[in-house]
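A.B. asks: below is the sequence, then the predicted model.
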Amino acid sequence: MSFPSITIPLECQEKTIALGHILGLTTHEGGVIALVGDLGAGKTTFTQGFCAGVGGIDPESVSSPTFVLLQHYPGRLTVHHFDVYRLESLEQFWDLGPSEYCQGDGVALVEWADRVAPLLPDDRLQIELMHISIEEIKDNSKFTEGRKAILHALGPVHNQWLIRAKDRLEKQFPGLSSMQR
Ligand SMILES: Nc1ncnc2c1ncn2[C@@H]1O[C@H](COP(=O)(O)OP(=O)(O)O)[C@@H](O)[C@H]1O
Ligand SMILES: [Mg+2]
């Protein structure tokens, strides 16, 4: 069964944080977010907003230092933050224990998730972040560079999460009338 995806324009950094915040507020134990997007697309920024939304985590403590593949942020739920940019092999990822962190009582976020997709749970929330000029998003005379996010639940549990977040998302991103649900 496949679920509809939702495209959200993120005109500035604050919007990326706001999207993360809403998903952090509405997340559930065992939530898994697969973050896909190039360098600078906003994956870590999203993660900072997410941790603020989860609660009990200082977003300033959220970072992606080079060569650190996994960090844990204890809060209302513990956020397990993978950044596999520097990963050398799938085995190296497996050794980090992703199944434990993806099925436990915390939440897992994975930057560069496309690199380890075969080792992630099937039911997960994929968030693709990409650079986009505002012109592409809406008729706006500013030439600022922004981002857009495509949210796609890959299974029923994570689709329920999006349904839970729907009202907040529509309030924060009023142009979302195209949400297909
Ligand atoms: N929606 C946005 N519009 C403009 N800049 C953004 C947006 N979201 C994030 N940024 C900026 O992009 C830069 C890179 O973000 P970062 O989260 O580190 O990317 P990644 O983790 O994907 O490499 C940061 O300076 C951040 O402030
Ligand atoms: Mg990053």
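C.D. replies: Looks like it arrived, so ask away. Please read these numbers as outputs of a predicted model, since none were measured by experiment. Residues are numbered from 1 along each chain as shown. Ligands and ions are numbered 1, 2, ... in the order given.
A.B. asks: all contacts plus neighbour counts: C-alpha atoms, from now on.
C.D. replies: OK.
A.B. asks: just give me the neighbour total for V32.
C.D. replies: 26 (other CA atoms under 10 Å).
A.B. asks: oh, I was asking about P59
C.D. replies: There are 17 residues near P59, going by other CA under 10 Å.
A.B. asks: for the longest helix anywhere in the chain, packing partners?
C.D. replies: Longest helix of the chain, by residue count under DSSP state H: helix 156-172. Contacts defined by 3 or more CA pairs under 8 Å, 6 or more residues apart in numbering; DSSP states H and E place helix 156-172 against helix 13-26, strand 145-153.
A.B. asks: contacting residues around the helix or strand just after the first one?
C.D. replies: Right, helix 13-26. Proceeding N to C from helix 13-26, the next assigned helix or strand is strand 32-36, under DSSP states H and E. Contact partners of strand 32-36, identified using CA atoms under 8 Å, 6 or more residues apart in numbering, comprise 43, 102, 107-114, 121, 124-129.
A.B. asks: swap the cut-off to 7 Å and go again
C.D. replies: Contacting residues not belonging to strand 32-36 are listed as 43, 102, 107-114, 124-129 [CA atoms under 7 Å, 6 or more residues apart in numbering].
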